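> using only what follows, build the 3D model:
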Amino acid sequence: QVSARFVRQYLAELATQHKSDKTVHAHARAIRTLVRFWYAEKYIPEAVTFAMPKMEKRRLLVLSAVELNKILSACKNPRDKALIFFMTDSGLRRAEIIALNWGDVDIMSGLVRVKRGKGGKARSAVIGATTRRALLAYRRTLESPSDDSPMFISRSGGRFTGTGVLLIFRRLTKKTGIHITPHAFRRTFVILSLRAGMDVLHLQAMLGHASLDMVQHYAQMVDEDLLQSHKAHSPIDNLSQLR
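Here you go, the predicted model:
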């Protein structure tokens, strides 16, 4: 007795309960998988098809230079400051940074070796002089770390965990009023690097993406970029200079 009409009614009821677009869409995906299975196994005589609910396209969180400086000023110890610098300057994922040892980073050149990135792939990233100075300041607080020692460690001396990183971000969010997530730093790395003139192919290599599609996904145009671009290239404001 299942029909597309019943499914649409159910999804509509979820929407009236003020469920998020993401939640409604997740329910729709689960139902679609279930009815396809029922049809394939001949539990129902006809395939049940329905339009998937639309998800509102939301602007992804990207930190501005002003917000980034505010976050850095709120860091209460060298480790937290080095972590923020490293995440923003390298574009590495949270799990990739947690897995780093001191021997994976060449302090002289700034080259970072990611031994097992997403999908188990190795790649290289780079950090600048400011981040390296922050790392050295943090390293001086540790007791003679070796090349095999975890780079970022907890108060107990063990390798930092994903939960530990989130706790730092929650504390900084509360202190600064700026919503902070691990992936926001990766997106911020993309936006600020592009604004600074980095080549997209080099950016793709450092991010560890197989194609430019994901780089373009991250590099969404923010309002400030649109305003600056229009100010510089407005056809009306520049009419007297155009042929």
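
> the nearest residue to residue 92 once chain neighbours are set aside bridge partners, please.
Nearest residue to residue 92, sequence neighbours excluded (C-beta to C-beta, 6 or more residues apart in numbering): residue 125, at 5.8 Å. Bear in mind the C-beta positions are built from the backbone N, C-alpha and C, glycine included. In this entry, residue 125 is beta-bridged to residue 112, by DSSP bridges.

> how far away is residue 125 from residue 173?
25 Å (C-beta to C-beta, to the nearest Å).

> so for the two, which residue has more residues nearby?
residue 125 (25 against 15; other C-beta atoms under 10 Å).

> quick one: the more buried one from residue 37, how far?
From residue 125 to residue 37 the distance is 42 Å (C-beta to C-beta).

> re earlier: distance of the residue nearest to residue 92 from residue 103?
According to C-beta to C-beta, residue 125 and residue 103 sit 15 Å apart.

> what do you get for residue 180?
29 Å.

> and the two? Which one has more around it.
residue 180 (22 against 13).

> three-state assignment of that one?
Assigned with DSSP: H, G, I helix; E, B strand; the rest coil, residue 180 falls in the coil class.

> surely it meets residue 167?
No. Using C-beta atoms under 8 Å as the test, residue 180 is too far from residue 167 to be in contact (11.5 Å).

> where in the protein is pLDDT low?
56-60, 117-119, 200-230, 233-240, 242-243 (pLDDT under 70).

> quick one: the strands in it?
Secondary structure of the chain (DSSP state E): strands at 111-114, 123-126.

> can you add distance to residue 65 and give the ones you listed back as JSON lines?
As requested, the strands of the chain are arranged in JSON lines below (distance: least, C-beta to C-beta, whole Å):
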{"stretch": "strand 111-114", "distance to residue 65": "22"}
{"stretch": "strand 123-126", "distance to residue 65": "19"}
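
> to residue 241, which of the ones you listed lies closest?
strand 123-126 (39.0 Å; C-beta to C-beta).

> show me what the closest one is packed up against.
Secondary-structure packing of strand 123-126 (3 or more C-beta pairs under 8 Å, 6 or more residues apart in numbering; DSSP states H and E): strand 111-114, helix 200-207.

> buried ones in the first one, by neighbour count?
Neighbour counts over strand 111-114 (16 or more other C-beta atoms under 10 Å) mark 112, 114 as buried.

> ok, stretch 110-127 next?
Those would be 110, 112, 114, 117, 123, 125, 127, for stretch 110-127 by 16+ other C-beta under 10 Å.

> next one: stretch 91-104
91, 92, 93, 94, 96, 97, 98, 99, 100, 101, 102, 104.

> with adjacent residues omitted, what lies nearest to the last one?
Taking C-beta to C-beta, 6+ apart as the measure, residue 104 lies nearest to residue 113, with 4.7 Å between them; neighbours along the chain are not counted.

> just the fourth one next, same as before
If you skip the residues right next to it in sequence, residue 94 has residue 182 as its closest partner in space, 4.0 Å away by C-beta to C-beta, 6+ apart.

> run a quick neighbour tally on that neighbour.
Counted with other C-beta under 10 Å, residue 182 comes out at 18.

> what of residue 136?
As a burial measure, residue 136 scores 12 neighbours (other C-beta under 10 Å).
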